[in-house]
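Enquirer: got a sequence here, can you model it:
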Amino acid sequence: YTFIIPNPRGIGKSEGEWYGVYNPVEMRDIYDVIEWAAGQDWCDENVGMVGYSYFGICQILGAASQPPHLKCIMPCSFVDDYYQHGYYGGVPSTYMSIYWELSPANNPVPWSIKMYGEEKVKEMMAERLKDPDMAVNSYFTKILTTWPPKYHTFYLDYLLHPLDGEYWQQRSANQIYDQVKVPVYLHCAWSPLGRWSTPIFTAMNDERLNVPKRLGVLEGYDGLELPYRALNEECLRWYDHWLKGVDTGIMDEPLYKFTVLNSGVRYENEWPLARTEWKKLYLRSFGRLRWDREPDSNLPPDGFTHLPPSVSTEVNKLVYKTSRFPQAKEISGPIELHLFAAIDAPDANIIVKLWQITAGGTRMPVCRTGQLKCSYPLDEEQSQIGRPVHDYSKRVPITPGEIREYVIEVNPIGMVFPAGSSIELEIKAMDNFEHQDGAWEGKMSHLGPIPSCNTVNYKIYRDADYPSYILLPYIPYTPAENWLQPVCDDNIVIGGSGKGATH
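Expert: Next up is the predicted model:
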C-alpha cells in the first residue's frame, strides 16, 4: 500500500484559503486527490481512505462526492452530526478550540464570510457578544472583536452558530448517507471523553447508508493513543478484501464486532441487542440508585447550586450510587437519563457522568459525558429508546421553578460490571474537565463545556410522582458461539449455551 497524507488548502505549504475543518471545499478536494492518486504509475486504480478522528470524519464526506476510483472507506472515531460534535446536547464547548492549535493554517478565512458576507458577519459577532457567557470570557471577546478575523477563524465560525442549521449540516455525514456508494467499516473505541460511539451505531442503523458495511469497537479507553496501531490487522483485512480482492473472510462475519469491557470480544447481529432487557435504576433519597421505584409522593427534592467560575472553581454536584452487585452484570447498549428537575433560570446546562466503583473502591469511568442545554425541546417522534432526539434549531426558554422531565443521552457502552462493583451517577452543571491530560491542554481546553456565568439553583425530584431514573441495557445472556475472544479469570466465567450462557 502507498499511504498519502495531503495538506488541505491553506494548511502547511498548500496554497489557498482554509475554511475550517470538514468544509465543503475540502470535500471536493478529496475527490481530486483520490482521482490524482488513481492515475499515478504506482497505483492499480484501487484507492481507499484510512484514519481516525479528523481522518475518519472526512471519509464519508469525501465518499459522498463519489470519486470513481474510491473502493472503500474505514472511518474510525467519526461523527455523523457535526453540530453535536461542537455543541453536544446543545452545550457549547472549548474542546473545538484545540483544532486551531493542531492545524498549521497559513491562510485561514472564516467560512461565515463565504456564506453571509462581511457586513453580516460583523452583525453576527456583535450579537454573539450579547450572550453573557461569551462576554464574560476575554478569550471569546478577543475572537468576537478582532477584525479582519484572522485570529482563530474556525472557532469564530463555531461561536457564531450556536443553533443547528445550514453551517453544521454542510459538514455532517448524516445529511449525505444516501450519496455514499462504497463499502464502509465504522469503528471507534468505547470512549469516556465525548460523543464518539453513538455516531457509528446510528450510521449502522440508518437505511440510507445502503452499502456493504461493518462495525467494530475493538478497543477500550486507551486503544486510540498515538501512534495508532490498535486496528492494524483489522484494517488490512478490510483493505485486502476490497482493494486487492483477497478473501479475508471479513464479509462473512456478523455485522457487529465489539469488545465487552472486563469480558472479551464478540459478534452481534443488531444494535441495540434483541435480547436486551431495559432496566430502570431509580434515583432515591440519600444518594441511592435502586432497581425499585420510590413508593412515596411529595418527597422534598435534592438540590445543588451552580456557581460560575468567576465566583468559584468548586464544581457542585449530586451523586447517586447503587449497592454492590452480588453477581456480575453486563450493560451493553445505549443509555439515557430521565431527570425531573426544577431550575430557577430560563436556561441551564446539565452534565451527566457514569462511573464504575470496583470491588476495591477504585473509581473508573464508564460514560463520562452526557449533556443537555435545557431550553432545547425533545422531539418525541424522532426519539428512540436510549437515543433521545432534541430540536437544536430553536430554543424554548424554560419556566423558572417549573418541574420538567429532561431526557439526556448518555454514551453507549459494552461492559461487564463484576460482582462486588457498583455504579455511580454524577449530575452537575459544570465540568472540571478532570479527564484531560497535559497532551491536550491549550488556552481554553480546561473548561470543556462552557459554563453559565450565572448562579443557578437545581432541584432534582425522585419520588412516586416524579420518578427520575437512568435507563440501562441489561444483557441477561450471550450464546457461547458469539464469543470471538473470551477472557476468563477467577471472578468472571464466560460460557454456557443458549440462554444458559451467562457472565
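Enquirer: where does the stretch 51-200 of the chain dip in pLDDT?
Expert: Using pLDDT under 70 as the threshold, the predicted model of the stretch 51-200 of the chain has low-confidence ranges 100-102, 192-194.
Enquirer: in it, which spans are helices?
Expert: When secondary structure is read from DSSP state H, counting those that start in this stretch, the stretch 51-200 of the chain shows helices at 54-63, 82-86, 98-102, 111-116, 118-128, 132-135, 138-145, 153-159, 166-169, 197-204.
Enquirer: export the last one to CSV, keeping only CA atoms.
Expert: When you say that, I think you mean helix 197-204. Extracted as CSV, the C-alpha positions of helix 197-204 are listed here (Å, rounded to 0.1, in the frame of the first residue of the first chain):
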residue,chain,number,x,y,z
SER,A,197,-19.5,5.7,19.9
THR,A,198,-23.1,6.9,19.3
PRO,A,199,-22.5,8.0,15.6
ILE,A,200,-21.2,4.7,14.4
PHE,A,201,-24.2,2.8,15.8
THR,A,202,-26.6,5.5,14.4
ALA,A,203,-25.0,5.2,11.0
MET,A,204,-25.3,1.4,11.0
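Enquirer: which residues sit against that helix?
Expert: Taking contacts as CB atoms under 8 Å, 6 or more residues apart in numbering, the residues outside helix 197-204 that touch it are 60, 75, 78-81, 173-174, 177, 184, 186-191, 209, 213, 215, 217, 255-256, 271, 334, 387, 409, 411-413. In short, each C-beta sits where N, CA and C put it, glycine included.
Enquirer: give me the distance from it to the chain's centre.
Expert: From the chain centre to the centre of helix 197-204 is a distance of 9 Å (CA atoms, centre = their mean, to the nearest Å).
Enquirer: okay, the angle between it and helix 54-63?
Expert: If you take axes from the mean of the first three to the mean of the last three CA atoms, to 10 degrees, helix 197-204 sits at 20 degrees to helix 54-63.
Enquirer: need the three-state assignment for R266.
Expert: The three-state assignment at R266 reads strand, by DSSP: H, G, I helix; E, B strand; the rest coil.
Enquirer: ok, I423 next?
Expert: Using three-state DSSP, the secondary structure recorded for I423 is strand.
Enquirer: my read: it touches T358, true?
Expert: No - proximity of I423 to T358 does not meet the contact threshold set by CB atoms under 8 Å, at 11.3 Å.
Enquirer: neighbour-wise, which of those two wins?
Expert: Neighbour comparison, I423 and T358: the larger count goes to I423, with 21 against 15 (by other CB atoms under 10 Å).
Enquirer: related to what we said a few turns ago, among the helices of the stretch 51-200 of the chain, show me which one is buried the most.
Expert: Ranked by mean neighbour count, the helices of the stretch 51-200 of the chain are led by helix 153-159 with a mean of 25 (mean count of other CB atoms under 10 Å).
Enquirer: list the contacts of it.
Expert: 18, 20-21, 86, 92, 96-97, 99-100, 103, 105, 108-112, 125, 128, 134, 140, 143-144, 149, 167.
Enquirer: just the CA coordinates of that helix, formatted as CSV?
Expert: Listed in CSV are the C-alpha atoms of helix 153-159, where the atom choice follows Å, rounded to 0.1, in the frame of the first residue of the first chain:
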residue,chain,number,x,y,z
THR,A,153,-11.2,31.9,12.4
PHE,A,154,-12.6,28.4,12.7
TYR,A,155,-13.6,28.9,16.3
LEU,A,156,-15.2,32.2,15.3
ASP,A,157,-17.4,30.2,12.9
TYR,A,158,-18.2,27.8,15.7
LEU,A,159,-19.2,30.6,18.1
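Enquirer: what's Y458 in contact with, if anything?
Expert: With CB under 8 Å, 6+ apart as the criterion, the residues that contact Y458 are 303-306, 341-343, 348, 429.
Enquirer: next, format the residues you listed as TSV and append secondary structure.
Expert: Putting the contacts of Y458 into TSV (three-state DSSP) gives the following:
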residue	secondary structure
G303	strand
F304	strand
T305	strand
H306	strand
A341	strand
A342	strand
I343	strand
A348	coil
A429	coil
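Enquirer: please pick the buried ones from those residues.
Expert: Burial of the contacts of Y458 was assessed by neighbour count (16 or more other CB atoms under 10 Å); the buried members are 304, 306, 341-343, 348, 429.
Enquirer: thinking again about what came up before, export the helices of the stretch 51-200 of the chain to JSON lines and tack on distance to D44?
Expert: JSON lines is the format used below for those (distance: least, CB to CB, whole Å):
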{"stretch": "helix 54-63", "distance to D44": "19"}
{"stretch": "helix 82-86", "distance to D44": "34"}
{"stretch": "helix 98-102", "distance to D44": "33"}
{"stretch": "helix 111-116", "distance to D44": "37"}
{"stretch": "helix 118-128", "distance to D44": "46"}
{"stretch": "helix 132-135", "distance to D44": "52"}
{"stretch": "helix 138-145", "distance to D44": "47"}
{"stretch": "helix 153-159", "distance to D44": "37"}
{"stretch": "helix 166-169", "distance to D44": "36"}
{"stretch": "helix 197-204", "distance to D44": "29"}
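Enquirer: closest to G401 out of the ones you listed?
Expert: Go through those one by one with CB to CB and the one that ends up closest to G401 is helix 132-135, at 20.8 Å.
Enquirer: low pLDDT regions in the stretch 301-450 of the chain?
Expert: Within the stretch 301-450 of the chain, the ranges that satisfy pLDDT under 70 run 368, 432-447.
Enquirer: ranges for the strands of it?
Expert: 302-306, 317-321, 329-343, 349-357, 363-373, 403-417, 422-428 (DSSP state E, counting those that start in this stretch).
Enquirer: wait, which of the helices of the stretch 51-200 of the chain is closest to P400?
Expert: Evaluated over these, closeness to P400 peaks at helix 132-135, with 16.4 Å, by CB to CB.
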